[in-house]
Each structure stands twice: as structure tokens, then as C-alpha cells.
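Chemist: No sequence on hand, only this structure:
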């Protein structure tokens, strides 16, 4: 029997349809190569034209970025927003709060608070342990909690206080040494934005926060034509601070019109006041001192939290813009005085 072996020709292969692979062909998005802060600002601009929910639904990554934008600078400007954010703080994980909330500004007038609202605020402060910058109207917010919330876990490096005053629900025991001492080790930037209705010397203000060994920037406020004896104490204690704190890089003193904010004299000139002249002598001996004329346009000129969100969004590192701006104003004023 013979066997015939037939060699079959391989079947002609059909050309394979080639699909365009976006993963292999597409160029890397230029959005991925820009600085993070700039990318967040671009997204923030996009959010002005598109709803949060629409953009957040695109991807998990975009949803995370939107959360970063929404929560990185929180401004509580009413008791309603306070309550809403209190619920948010209770519903979010500790990891989320620590990772996203870096700046908290409480711009609610102190007289709007009730005990219940004060407790809600304490809960927020206790939860936001990742804060870098805290803006508050009165220092008493940091002391004597009405609740059991552990406020000592929140350790911002920068604290801005509108005025060093007391008010109902925001008082503290004057016999207690350093009521806000839990902030002492973390505090590097402390700003008292506006002159208060009661007299507190520079050293007594610092004592409220403890030893503050890492403090590098300190800002005070003083009215012109105020009590002469207190003016002298103020100047003497500024000199003491400079001599005793070699690590202090800048000490800003903002001089306000005498009747600010009730009445602003258009002809007021803080730079020609006696307190300015006395501090100018200190500034000549120590370049860390910066003097700034403030409050010349009325209360709206110096509401310390005005446009907080904008100031942070426009420039990265918003908390520190105040110090840079103060230095520039002082150098400009000094140049004008020398040319006069």
C-alpha cells in the first residue's frame, strides 16, 4: 500500500485589523507635568464653570483633586456653615481630615455663638489635627473647652487672632499660666491682627501661648495716640522680645488711627505718631522690626480674614504673604522718609 503524503500550503493569513492604542500612542498630558499648586488652580478655575458633582464623576483621581480644592482652605463665615462643616468633620475619616484640611478660618462674630455652637467649633478643631494655619476672632477659642474634645491634638504652626480680647463664651481664667500652652511647641507664626478694646502687653500676649520656643514671626497691633504709659511699656517689651529671642526673624507692628474702627480721621498719619517714632528708633537698631500703617481705609481695610480664600488661592503659601507684604510696605515707607 502506498501512502501519499501531500504537503498542504499554509492558509493565507488575513491581515489583522489594527486598533489604535491610546495608551501607547497618546502623548503624556501636559497637565501632569505642571506644578501641583498650578494644577489645582486650573482645576479651581474649571470649577467656576462646571459643577463639583460633574467633575468628580469623571474619575477617582479627579474626585480626589476636587476634594483637595474644596477642603484645603475652609472658611466658616456663619453659624450655618459651622454646623454643616461640623457634620462633615464627623462623617469623614481622620486620614481624610489630616490630608486635606490645612487652613481653617473662623470668621463668625463672637456674639453669634451659643454654647452649642461653641461645642461644635471645639469638635471641628479637635478633628482637624492636620491644620497648618488657624484664623480665629478671639484667643479664648483655644482655651477652656465646654466639651470633652481634646483640643491639644490640633497643633497649627501659624495662628492669626483678630484681636486679643474676651467675650462671653470666650473667656479664660487670668490666673492660669499659659492657657494655650498646648500650641507652644508647634507655633512659628503668631499674628494679632487688630488692636483690642482692652490692654494686653506684648509679653502677656506671648505668655498666653507658653514659651513658644520655635516662634520666628510675631505681629502686633497698636493704636496711635493711646495711653502714654502703655505705649512706653509696649516699646520696652518689644525691645525685650528682640533681645531675648535671637531666633525671631520678624516682628511686625501695625499702627492704627486712634479711634479705629469707630471713626477714621482722613488726615490721620500713623507714621507721624509718637508710638511710631519710638518704635522707629528700635527698628533702626534692629532690622527685624517692621512698622506698617494700617486701618486708614476704615474697618474694611483690615478685616483680618477678608478674602482669606482668595489670598490663599492666588498665591501658594498664602499664610506667609502677610509677612512679605509687610516687609515691602515698610521698605517703601523707609525709602520715602529718607528721600523727604
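Modeler: Looks like it arrived, so ask away. Nothing here was measured: the structure is a model prediction, and the numbers come from that model.
Chemist: Tell me where the stretch 151-300 of the chain has strands.
Modeler: Counting by DSSP state E, counting those that start in this stretch, the segments of the stretch 151-300 of the chain that form strands are 158-161, 189-192, 217-223, 250-256, 289-293.
Chemist: Tell me which helix or strand in this protein has the weakest average pLDDT.
Modeler: Lowest by mean pLDDT, DSSP states H and E among the helices and strands of the chain is helix 308-314, with a mean of 40.
Chemist: mind giving me the domain ranges of the protein?
Modeler: Residue ranges for the domains of the chain, per automatic domain parsing: 33-71, 72-339.
Chemist: among the ones you listed, which is the most enclosed?
Modeler: Of all those, domain 72-339 has the most neighbours on average by mean count of other CB atoms under 10 Å, namely a mean of 17. Quick note: C-beta positions are derived from backbone N, CA and C, even for glycine.
Chemist: what about it, start to end distance?
Modeler: 44 Å (CA to CA, to the nearest Å).
Chemist: how much space between the nearest residue to residue 235 once chain neighbours are set aside and residue 291?
Modeler: Among residues not flanking residue 235 along the chain, residue 278 sits closest, at 4.7 Å (CB to CB, 6 or more residues apart in numbering). Distance, residue 278 to residue 291, using CB to CB, to the nearest Å: 10 Å.
Chemist: Same question for residue 119.
Modeler: Using CB to CB, one obtains 40 Å as the distance from residue 119 to residue 291.
Chemist: The domains of the chain: lowest mean pLDDT?
Modeler: The weakest mean pLDDT among the domains of the chain belongs to domain 33-71, with a mean of 67.
Chemist: Identify the bridge partners of the residue nearest the centre of the chain.
Modeler: Nearest to the mean C-alpha position of the chain, counting by CA atoms, centre = their mean, stands residue 133 at 4.0 Å. Beta-bridge pairing of residue 133 under DSSP bridges involves residue 103, residue 158.
Chemist: Tell me which residues touch it, please.
Modeler: 102, 103, 104, 156, 157, 158, 159, 160, 319 (CB atoms under 8 Å, 6 or more residues apart in numbering).
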